[in-house]
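In: The following block contains a protein sequence and its predicted model.
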Amino acid sequence: MYYVLLTIQALSCIALIVAVMSQTTKSEGLSGTIGGHTSASFKFKPGFEEQLDNITKWCAVVFLVASFLVAVVGRH
């Protein structure tokens with residue numbers, strides 16, 4: 001059971017990283033102030049950003065639950 005949870009945690013971690021890195025920036029922040037205007041590298045069809053936000057939320061929830069379960073099961 002421990003190794004199954006560990007695998008789920010690792011896969012959700014990779015999925016979360018990919019989902020976060022695929023998102024475009026919502027604001028310029030400090031980089032826009034110092035370095036000028038930055039443009040998004042990826043252009044997606046409308047509505048994709050909302051789907052990507054939803055995917056990111058669910059990947060984060062799965063990662064959080066898997067991490068908790070790995071910590072609990074790993075103690076025993």
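Out: Received it, and whenever you're ready, just let me know what you need. Owing to the predicted nature of the structure, the values given are computational and were not obtained by experimental measurement. Residues are numbered from 1 along each chain as shown.
In: Quick check: which ranges of the protein have low pLDDT?
Out: Low-confidence segments of the chain (pLDDT under 70): 26-46.
In: quick one: the residue nearest the centre of it and Gln23, what's the gap?
Out: Computing the C-alpha centroid of the chain and ranking residues by CA atoms, centre = their mean puts Leu16 first, at 2.8 Å. Leu16 sits 11 Å away from Gln23, going by CB to CB, to the nearest Å. Yep, even glycine has a C-beta here, placed from its N, CA and C like the rest.
In: rewinding a little: dump the residue contacts of the residue nearest to the centre of the chain.
Out: Applying CB atoms under 8 Å, 6 or more residues apart in numbering to Leu16 gives the contacts 56, 59-60, 63.
In: Same list (those) but as TSV, adding secondary structure and distance to Val4.
Out: Listed next are these as TSV, based on DSSP: H, G, I helix; E, B strand; the rest coil; distance: CB to CB, whole Å:
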residue	secondary structure	distance to Val4
Thr56	helix	24
Cys59	helix	18
Ala60	helix	20
Phe63	helix	15
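In: how many other residues sit next to Val70?
Out: 19 (other CB atoms under 10 Å).
In: ok, now the one 5 residues further on?
Out: Other residues within reach of Arg75 by the criterion other CB under 10 Å amount to 6.
In: Phi, psi for it please.
Out: Main-chain dihedrals, Arg75, degrees, to the nearest 10: phi -70, psi -30.
In: That one: what's it in contact with?
Out: No contacts exist for Arg75 under CB under 8 Å, 6+ apart.
In: distance of it from Val65?
Out: Taking CB to CB, one finds Arg75 at 16 Å from Val65.
In: Then Ile17?
Out: In this structure, Ile17 and Val65 are 17 Å apart, going by CB to CB.
In: Which of the contacts of Leu16 are buried? Put it as a PyMOL command.
Out: One line in PyMOL is enough to select the buried ones among the contacts of Leu16; burial here means 16 or more other CB atoms under 10 Å:
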select buried, resi 56+59+63
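In: now, which of the contacts of Leu16 sits nearest Tyr3?
Out: Nearest to Tyr3 among the contacts of Leu16, counting by CB to CB, is Phe63 at 16.8 Å.
In: Surely that closest one touches Cys13?
Out: Yes. Between Phe63 and Cys13 a contact is recorded at 5.8 Å, counting by CB atoms under 8 Å.
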